[in-house]
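Q: need a structure here:
(chains A, B, C and D)
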There are 2 protein chains.
Amino acid sequence: MTPRLRPALPRVDAVARVTLQTVADKVGVSRMTVSNAFSRPDQLSADLRATILAAAEKLGYVGPDPAARALARGTSGAIGVLMTDSLAFAFTDEVATGFLGAVAEELAPTGMALTLLASSVVGDRVPARDVPLDGALVYSCGLDSASVEWLKRRGLPIVFVDQVPVTGIPSVNVDDRGGARAAAQHVVDLGHRRIAVVTRELERDDPAIVAATLSGELHVSHQRMLGWTDALAAAGIEPVVVRESVRPPDWASGAVERPEQVAAREVRAALAGPDRPTAVLCFSDVMAYRVVRTAEELGLRVPQDLSVVGFDDNPLASRMTPALTTVRQDVRGKGAAAAAALTAAIEAAQSGRQGGRARHVVLPTELVVRDSTAPAPPSVGRFSRVRR
Amino acid sequence: MTPRLRPALPRVDAVARVTLQTVADKVGVSRMTVSNAFSRPDQLSADLRATILAAAEKLGYVGPDPAARALARGTSGAIGVLMTDSLAFAFTDEVATGFLGAVAEELAPTGMALTLLASSVVGDRVPARDVPLDGALVYSCGLDSASVEWLKRRGLPIVFVDQVPVTGIPSVNVDDRGGARAAAQHVVDLGHRRIAVVTRELERDDPAIVAATLSGELHVSHQRMLGWTDALAAAGIEPVVVRESVRPPDWASGAVERPEQVAAREVRAALAGPDRPTAVLCFSDVMAYRVVRTAEELGLRVPQDLSVVGFDDNPLASRMTPALTTVRQDVRGKGAAAAAALTAAIEAAQSGRQGGRARHVVLPTELVVRDSTAPAPPSVGRFSRVRR
DNA sequence: CCGCCGTACTGTATCGGTACAGAAGGTCGC
DNA sequence: GCGACCTTCTGTACCGATACAGTACGGCGG
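A: Numbering: from 1, shown residues only, chains lettered A, B, ... in the order given. You can find the predicted model right below:
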């Protein structure tokens, strides 16, 4: 009964559509004058403008159609943010909300709207390709880089955030490596020698993962790993590594556990052994939170038996018990910088300037010591021995 | 030096713009065929399509321009959410993030983007009027209703959330009045007789506030107030009312306090008197949190000296100490219902049906008793006497 | 009285596509 | 051998505006 397959829109012309022309005919002026009445009031006399506006009101004309205006002007008034597959992430993860809140605040004075783009593809809809936009932020995107490609190909002004910097594209990053190094050095300084690292999947056999790592899709994970090993290697320590998959569970193939459940199981196994680590460095505060809970379930006290360090300084870190030692990144500063860089790029593009060299911003990180780290417990277990 | 005043976009035609026509000329087919190659692959032979795609690639054609497509098809692939003035609110308030997260999840299978619209007006940019959209959610908008008017006038499919229902426009609400009634009844049942209410500004002399209340801009505040007084009046109790302004501080006029600071001062005054209330009903959990902190500063114990009830069941409510007694609303359910209603309305509009009567959904609320409420303390003070 | 200028409005050419109704040519059934 | 029919393309007519280069005209200085 209902013609579903056609994507087109058989307009609802109960009342034949009212356009500039309708109004122009009614008043007896040119279409252009009506356009000016709405968009460039200084171009016509106040009297005529009033007449036109009145006629428009009577006819039910509501002003220039946004889509037509976007086409003619070449501007749509919206800025995109390309996110990980799930849009809900933008509202769920406290680090993401902090970042986006700052972006929104920075954008407020420009009067632009903020369009959240999923990087997933549904049917033949690809938001990054199909939605009218003036520019976009690419924020810590997952494996699915097709959408990033689309944004680039469209020639939109874009800014990379938490992605590997690329020449020609402005980027905003955080000193992930330095922060991770400080975290690792911290536990080393506390005397820990058996140390585990819990992070996102990295450098596995899966070609897609390797490619993603190399191409910078997993840039942040990579940098933090480098930072940890900087400090650990210098101390002659080889960490135990637990990796959490970055792929969503493939329910169809019989995988019934979510990635974090799998990781939790592995963490539990690592913490249960006789040579269990005495310190754990985590990719994020959320992961650290799970590690602390797992440790508690195993009867381990944090920090007496196990030290745990997170990353991000998520609000969760100071809220949880024990308060988490972590590496703070200035999430809001990152958002503000990204938004500023993007508006600058958009303005440059619109004013014809080819833009003066893309800047690459790297914001500092800072170790925040709280209650989840303590000196290494006196050695126990047959392999334990403090070196030096 | 730089032509700043012109809003127009002097195209960056370093390379003359590549369009369908360019490709068509190159391949020697009609423009329409190239369009079909990209948008309706079933309309031409695989061979020709491959040829066209190859030529397009070589010429640097990236696919149909979103703005032009939006105009021609009448669809932009984005759904708007009109928010309170500050967009940052969308990422700051935990109730809002819960709602929007659910909206995003419900929208995911449609492949639509989510555009956040500030209701403020910057210069001559009015997002609600200027951004191409397929439909919009109007979420608990503040005083500034001009943007709502724009959405309505554009004839977009819209859904009201936490606004007063209007015939012809689908709406999703929560049983605010019933929830507030339950909250009030709860403290009455606990024996409280001196009760305060902390809410948003309502029914003041300011004509704008009155208008906003009547027109439903402050619908939620109004309903909750009605619910409280339902129960309190039945018990013969007249509450003390503290109102928090809904207007942002007018720094220019010398107001140096934020509305919540002003309210905090008034709450403090109310709680400091000899006939201080023994229970406080709050518009939101966030307000309740502040009341608890203020009480503590005054040396009052919650709940022994003062019972406090919130509203929303914000995650904050179960996180704080003492855990907050509150009225739970199903924020995620609200988001899912709103998104579903909107997609239905959009489909109806696109398929030409005039849509079968706008539905008005009201979701239930539920009193959640935690640790911030207790029986009224034995009466003290000269006016105290338990009635009945 | 003439040329110059500013104001107010108009004409034309896009902006870059899509929808829909053909047209051309080949296949199939009888 | 001929018409129905399918596949594959094409032509035309929009979608609803804006930009820019005029044109018309009244006032003003010389």
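
Q: count of residues packed around the residue of the stretch 201-350 of chain A found nearest DNA strand D?
A: Residue of the stretch 201-350 of chain A nearest DNA strand D, by Cβ to the nearest atom of the strand: A:Gln350 (10.8 Å). In short, each C-beta sits where N, CA and C put it, glycine included. Neighbourhood size, A:Gln350 [other Cβ atoms under 10 Å in any protein chain shown]: 20.

Q: right, and it touches A:Leu156 too?
A: No. Contact status for A:Gln350 versus A:Leu156: not in contact, 11.9 Å apart, counting by Cβ atoms under 8 Å.

Q: Was I right to think A:Gly227 contacts A:His186?
A: No. Assessed by Cβ under 8 Å, A:Gly227 is found out of contact with A:His186, at 11.8 Å.

Q: Comparing those two, which residue is more hemmed in?
A: For A:Gly227 and A:His186, the more surrounded residue by other Cβ under 10 Å is A:Gly227, and the numbers stand at 25 against 20.

Q: Confirm that the more buried one sits in a helix.
A: Yes. Counting by DSSP: H, G, I helix; E, B strand; the rest coil, A:Gly227 falls inside a helix.

Q: In contact with it, which residues are there?
A: A:Asp176, A:Arg177, A:Gly178, A:Gly179, A:Ala180, A:Arg181, A:Ala182, A:Ala183, A:Ala184 (Cβ atoms under 8 Å, 6 or more residues apart in numbering or on different chains).

Q: before we move on, which element is the closest residue to it other than its chain neighbours in?
A: Leaving aside its sequence neighbours, A:Gly227 sits nearest to A:Ala180 (Cβ to Cβ, 6 or more residues apart in numbering or on different chains; 2.7 Å). For A:Ala180, the enclosing helix or strand under DSSP states H and E is helix A:176-189.

Q: Going by neighbour count, which residues in that helix are buried?
A: A:176-188 (16 or more other Cβ atoms under 10 Å in any protein chain shown).

Q: now the strands for the stretch 201-350 of chain A?
A: For the stretch 201-350 of chain A, the strands defined by DSSP state E, counting those that start in this stretch occupy A:240-244, A:279-282, A:307-309, A:326-329.

Q: State the paired neighbours of the first one in the sheet, together with their directions.
A: For strand A:240-244, the pairing partners within the sheet under DSSP bridges are strand A:195-200 (parallel).

Q: can you give me the mean pLDDT across the partner strand?
A: The average pLDDT for strand A:195-200 rounds to 94.

Q: Repeat that for stretch A:345-357.
A: For stretch A:345-357, the mean per-residue pLDDT is 79.

Q: May I have the distance across it, first residue to last?
A: From its first residue to its last, stretch A:345-357 covers 10 Å (Cα to Cα, to the nearest Å).

Q: thinking again about what came up before, what's the offset of the helix holding A:Ala180 from the middle of its chain?
A: Distance, stretch centre to chain centre, for helix A:176-189: 24 Å (Cα atoms, centre = their mean, to the nearest Å).

Q: What is it packed up against?
A: Helices and strands touching helix A:176-189, by 3 or more Cβ pairs under 8 Å, 6 or more residues apart in numbering or on different chains; DSSP states H and E, are strand A:195-200, helix A:219-234, strand A:279-282, strand A:307-309, strand A:326-329, strand A:365-368.

Q: now with 10 Å?
A: Contacts defined by 3 or more Cβ pairs under 10 Å, 6 or more residues apart in numbering or on different chains; DSSP states H and E place helix A:176-189 against strand A:195-200, helix A:219-234, strand A:279-282, strand A:307-309, strand A:326-329, strand A:360-363, strand A:365-368.

Q: Looking at these, which is nearest to DNA strand C?
A: The closest of the helices and strands packed on helix A:176-189 to DNA strand C is strand A:360-363. By Cβ to the nearest atom of the strand, the value is 30.2 Å.

Q: Just give me the residue right at the centre of chain A.
A: The centroid of chain A falls nearest to A:Tyr139 when counting by Cα atoms, centre = their mean (3.3 Å).

Q: neighbours of the closest residue to A:Leu316 other than its chain neighbours, just the number please.
A: What sits nearest to A:Leu316 in space, not counting adjacent residues and going by Cβ to Cβ, 6+ apart, is A:Asp285, at 5.4 Å. Counted with other Cβ under 10 Å, the neighbours of A:Asp285 add up to 26.

Q: again with A:Asp85
A: Neighbours of A:Asp85 using other Cβ under 10 Å come to 17.

Q: Please apply the same query to A:Asp42.
A: A:Asp42 has 6 neighbouring residues, counting by other Cβ under 10 Å.

Q: between A:Gly227 and A:His186, what contacts are shared?
A: Listed contacts common to A:Gly227 and A:His186 are A:Leu281, A:Val327; contacts here mean Cβ atoms under 10 Å, 6 or more residues apart in numbering or on different chains.

Q: export the contacts of A:Gly227 to JSON lines and tack on pLDDT?
A: Converted to JSON lines, the contacts of A:Gly227 look like this (pLDDT from 0 to 100):
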{"residue": "A:Asp176", "pLDDT": "97"}
{"residue": "A:Arg177", "pLDDT": "97"}
{"residue": "A:Gly178", "pLDDT": "98"}
{"residue": "A:Gly179", "pLDDT": "98"}
{"residue": "A:Ala180", "pLDDT": "98"}
{"residue": "A:Arg181", "pLDDT": "98"}
{"residue": "A:Ala182", "pLDDT": "98"}
{"residue": "A:Ala183", "pLDDT": "98"}
{"residue": "A:Ala184", "pLDDT": "98"}
